[in-house]
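[1] sharing a sequence plus its predicted fold:
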Amino acid sequence: MAKPSIFTVIRRRNPFLLWLGQLVSTLGDNFEYIALMALAYHLSGSTLVMGAVLVSYMVPNLVLAVFSSVMVDRWDRRKTMIYSDVIRGLIILIPPVLLLLGKLQIWHLYLYSALYGCITPFFNNANAALLPSLVKEEEYLAMNSLMQTSIQLAGIIGLALGGTAIAFLGYANAYFFDSFSFFFSAITVFLLRVPKMEVIVRPVEFRLPQFLKNWWSDFLEGLRFYKVEKSLLWLLLIASMLNFAFGPISVLLLPFVENFMGATVKEFGWIMSSVSLGTFLGAIFMGSVGIIRNRRRWILVAVAALSILTMCLPSARFFPLAMAVLFGIGFSLPVANIPIATVFQERVPNNLRGRVFGARNFLAQSLSPISTALGGMVADIIGVPLTIFLCGALAFSVLVPSIFIPHLYGLNLQAKVEGRAE
């Protein structure tokens, strides 16, 4: 029997449609990301304000991620994804309309980011819970690699073209394209043929006290799963610390490119595209590997590479060298993330995925708003290059003790947890 690969998986209807929708949607997101960062920085001139704009997205995203993680196990996951895409497509129109009217201010970006952050976790959690149902268990690794390729292929194109398009066509068009991309994604999700959930959980109770009681009970059930699967718990703790360490990087790259490399927003797009190219090739590489016997080693080596390359980035002020360093950072990301995603998919039962994945996403990302805001503040005081170096050093300090955690040796076992249905 042939080994599953991204090339065999993508030939089927459901994986192809999901891949295509996320490819176009992520392409639009990358246009919007460059526009948002450039607008925030050029309107304020402060890395602290840039960080605050991102935090205004992160906080509601985290809060709603907790609620949505429970709800996607109760709702139709496909419909949840469609409604989320349509609503986000409408929200995206706020900045360009205000910009064209000449009334855009920083506080509008805070509001826009917050609204966008409220809806996104519903799509993400529904997508994470639905995805394993679209393929066979032995195809999880290939499907994860396929989805990573859609994200990174869109990044290669979107980030490279996004900066150029903004430079020539203006910020508003980046937002208009992102809005279109969400409506396109909604259509591809609508066309999916989704199998019926194996377990039907109790219906939603809309009386607020009872609703909160049921929600809290379900959320605790997701947390209790980690008490049983200690290897997943340790992965979660390590991911939380690494997200804290790397959180400020997304804010600091544009000021680093413009102020220390003498480049513009167009070159910033190409710099970011090199990260996506690396991640794209890393995902292709992981998809071709097949079954990974020593997952722990792959994850730890990838995190070590991320940490060291981040510490080297402040010294890479020659444009091609900076692109090479960021390419290496991008390549290391799927080498760490894909084995982790595969472990979670193997060991979490279908009817618990929304709750368990939601708890994972919330806890893993909960420190990112703090570090993003703190990184912007520190960079305004000690400078962007030193702050980037400290981010890499902090990540490396998390890696070293992780080598000696006994429970992480369990990552090399592929046995799936059974018998945890409600």
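    Yes, it's here. Predicted, not measured: the structure shown is a model, and the values here were computed from it.
[2] can you pull the buried residues of the helix or strand harbouring L309?
    For L309, the enclosing helix or strand under DSSP states H and E is helix 295-312. Within helix 295-312, the residues scored as buried using 16 or more other C-beta atoms under 10 Å are 295-296, 298-300, 302-312. Where C-beta positions appear, they are placed from N, C-alpha and C, glycine not excepted.
[3] equivalent analysis for stretch 315-323, please.
    Buried residues in stretch 315-323 (16+ other C-beta under 10 Å): 316, 322-323.
[4] still on that earlier bit, list the helices and strands the helix holding L309 packs on?
    helix 230-246, helix 319-347, helix 384-402 (3 or more C-beta pairs under 8 Å, 6 or more residues apart in numbering; DSSP states H and E).
[5] quick one: those helices as CSV, columns for distance to N124 and mean pLDDT too.
    Compiled in CSV, the helices and strands packed on helix 295-312 are given as follows (distance: least, C-beta to C-beta, whole Å; pLDDT from 0 to 100):
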stretch, distance to N124, mean pLDDT
helix 230-246, 15, 83
helix 319-347, 13, 84
helix 384-402, 24, 89
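[6] can you count the residues close to I405?
    For I405, the count of nearby residues is 16 (other C-beta atoms under 10 Å).
[7] returning to that earlier point: in CSV, list the buried residues of stretch 315-323 along with distance to V194.
    Converted to CSV, the buried residues of stretch 315-323 look like this (distance: C-beta to C-beta, whole Å):
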residue, distance to V194
A316, 45
A322, 43
M323, 40
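[8] from those residues, which is closest to K266?
    Taking C-beta to C-beta as the measure, K266 lies nearest M323 of the buried residues of stretch 315-323, at 13.7 Å.
[9] pull the contacting residues for that closest one.
    Contacts for M323 (C-beta atoms under 8 Å, 6 or more residues apart in numbering) come out as 270-271, 274.
[10] what's in contact with stretch 100-111?
    So stretch 100-111 is contacted by 36, 39-40, 43-44, 49, 52-53, 56, 94-95, 98, 172 (C-beta under 8 Å, 6+ apart).
[11] hmm, 6 Å instead?
    The contact list for stretch 100-111, computed with C-beta atoms under 6 Å, 6 or more residues apart in numbering, reads 40, 43-44, 53, 56, 98, 172.
[12] what mean pLDDT does that stretch get?
    The average pLDDT for stretch 100-111 rounds to 89.
[13] so what's the gap between it and the chain middle?
    The chain centroid and the centroid of stretch 100-111 are separated by 26 Å under C-alpha atoms, centre = their mean, to the nearest Å.
[14] which of the residues in it are buried?
    When burial is assessed from 16+ other C-beta under 10 Å, stretch 100-111 yields the following buried residues: 104, 108-110.
[15] check stretch 43-52 too.
    43, 46-52.
[16] in which helix or strand would I find the residue most central in space within the chain?
    Nearest residue to the geometric centre of the chain (C-alpha atoms, centre = their mean): N124, 8.8 Å. Assigned by DSSP H and E, N124 falls within helix 106-130.
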